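Give me a model of this one.
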Amino acid sequence: MKTAFEPFKLASITFSNKIIRSATFEGAGDENGKVTEQLIKKYEALAKGGVGGIITGFIGVGQQGKASDNMVMINKSENIESLKKLTNRMHKMGTPVIAQLNHCGGQSKEESAHMSIVAPSKISDYKAREMTKTEILEVIKMFVQGIKNAKEAGFDGVQIHLAHGYLLSEFVSPRMNRRKDEWGGGTENRFRIVKMIFEKARKEVLDYPMIVKINGYETLKNGMTIEESVKIARLLEQVGCDGIEVSNGTLKAGLATMRGQVPWKMIVAENEKLNKMPEFMKNFIGIVAKKTVPQPQPKSLYNFEAAMSIKKAVNIPVILVGGITKLEEIEDLIDNYKFDAISMSRPLIIESDLVNKFKTGKQTQSKCIQCNFCIVGVEKGPLKCYYGNVPVSKS
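Now for the predicted structure:
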């Protein structure tokens, strides 16, 4: 029984199949945080390529949580019209699109935010200061307004980013949240900010679809465990979350989120200081980097255990992401392990039409080699595949 290409229903959203494009930062917003034609065309290629639906790259809910100059922002009312252009074009193609909303927290960049960076606690991982209680309440308002703006802009739903070491992920992580007040400590206190976002948003947008991306675990000491993520998942279900996408990792955890190769050549190419070094120094630093940057194993299906534990604990849809590259894996995950859907990122960067290739039998595996050059290149330019430093043509 092969059900991967059958429609998938999540709340009021109907996806044409169960292979979803996972949120991927595209680096294609303009200087005002508006959607560009380049970004819309990228989504059109994905829709034409057969994905069941698209989750956008993270969209900022507030200036202080900005991590890039070319990050799309949803906190300004004047940006809603540009977002409507995106959703209208997607809907003409019959493809649902979900807005991933985010505040980058300690992983924000002062040069992009133009203000001090904040996090739940002041710890050595980042140069962020601890948030005040007033600032926490302001962030809740930012997310609620972002959800309202997403609905007005025509998005089929929102995904609250609760993973990868960004602000809300920092709050629920016992490693990142060291607060001694009502916003820290036990699981329910660390979850309080998320609970309040849901409660306040539901009063405004009623049954508008709201899903969450969470870390199923963190590979760092004292970080999120699978057991803790199951508790968070149950709390999410209680507050009215419509579905959970399970990922892992933080910036501090190196390649935990993506796995694969340390993109050293690309790092050198994009860094002016490193690029000017003699070749022997580049090689030496590269060897050291490859030995010191965390590279957790395995490289495929690395979030399966956590997602399976969450799937057994809740009665809302669970979507698995991470190291999924083969059609047989997708079919096994959906048919035998009963995941509601799977999501992919890197395989759809190199081949936006991969789902159609899978469906027609033209291909059974992604061409992605997990070089990870894409995650470095997007820091200075729009998202694309480099295939080990050799750009891949659209053909």
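
shaky segments in the chain?
Counting by pLDDT under 70, the chain has low-confidence residues at 1, 124, 389-395.

can you list the domains in it?
Domain assignment for the chain by the TED database gives 3-261+297-378, 262-295.

where exactly do the helices run in the stretch 51-200 of the chain?
80-92, 110-113, 133-152, 167-172, 187-205 (DSSP state H, counting those that start in this stretch).

and residue 276, which of the ones you listed is closest to it?
Residue 276 lies closest to helix 110-113 among those, at 21.5 Å (CB to CB). C-betas here are computed from N, CA, C, even on glycine.

Between the two ends of stretch 354-374, how far is it?
With CA to CA, to the nearest Å as the measure, stretch 354-374 spans 17 Å from end to end.

Show me the helices in the stretch 251-395 of the chain, by range?
Using DSSP H, counting those that start in this stretch, helices in the stretch 251-395 of the chain cover 264-270, 272-275, 279-292, 304-313, 327-335, 346-350, 354-360, 373-377.

Could you name the helices and strands sitting against the first one?
Contact here means 3 or more CB pairs under 8 Å, 6 or more residues apart in numbering; DSSP states H and E; on that basis helix 264-270 packs against helix 272-275, helix 279-292, helix 373-377.

Give the bridge partners for residue 59, please.
For residue 59, the beta-bridge partners under DSSP bridges are residue 101.

How many residues are close by residue 32?
11 (other CB atoms under 10 Å).

nearest spatial neighbour of it, skipping sequence neighbours?
Nearest residue to residue 32, sequence neighbours excluded (CB to CB, 6 or more residues apart in numbering): residue 79, at 7.2 Å.

That neighbour contacts residue 30, correct?
No. Between residue 79 and residue 30 there is no contact under CB atoms under 8 Å: 9.7 Å.

and the two? which has more neighbours close in?
Neighbours were counted for residue 79 and for residue 30 using other CB under 10 Å; residue 79 has more, 22 against 16.

Distance of that one relative to residue 31?
Distance of residue 79 to residue 31, given as CB to CB, to the nearest Å: 12 Å.

now do residue 137
30 Å.

Quick check on these two: which one has the bigger neighbour count.
Comparing residue 137 with residue 31 by other CB under 10 Å, the one with more neighbours is residue 137, at 13 against 7.

Look up how far residue 144 lies from the more buried one.
Separation of residue 137 from residue 144 (CB to CB) stands at 11 Å.

now, of the domains of the chain, which is deepest in the fold?
Ranked by mean neighbour count, those are led by domain 3-261+297-378 with a mean of 20 (mean count of other CB atoms under 10 Å).

quick one: strands adjacent to the strand or helix carrying residue 213?
Per DSSP states H and E, residue 213 falls inside strand 210-215. Using DSSP bridges, the strands paired with strand 210-215 are strand 157-162 (parallel), strand 244-247 (parallel).

Reformat those strands into a markdown table and put distance to residue 316 next to each item.
Listed next are these as a markdown table, based on distance: least, CB to CB, whole Å:
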| stretch | distance to residue 316 |
| --- | --- |
| strand 157-162 | 13 |
| strand 244-247 | 7 |
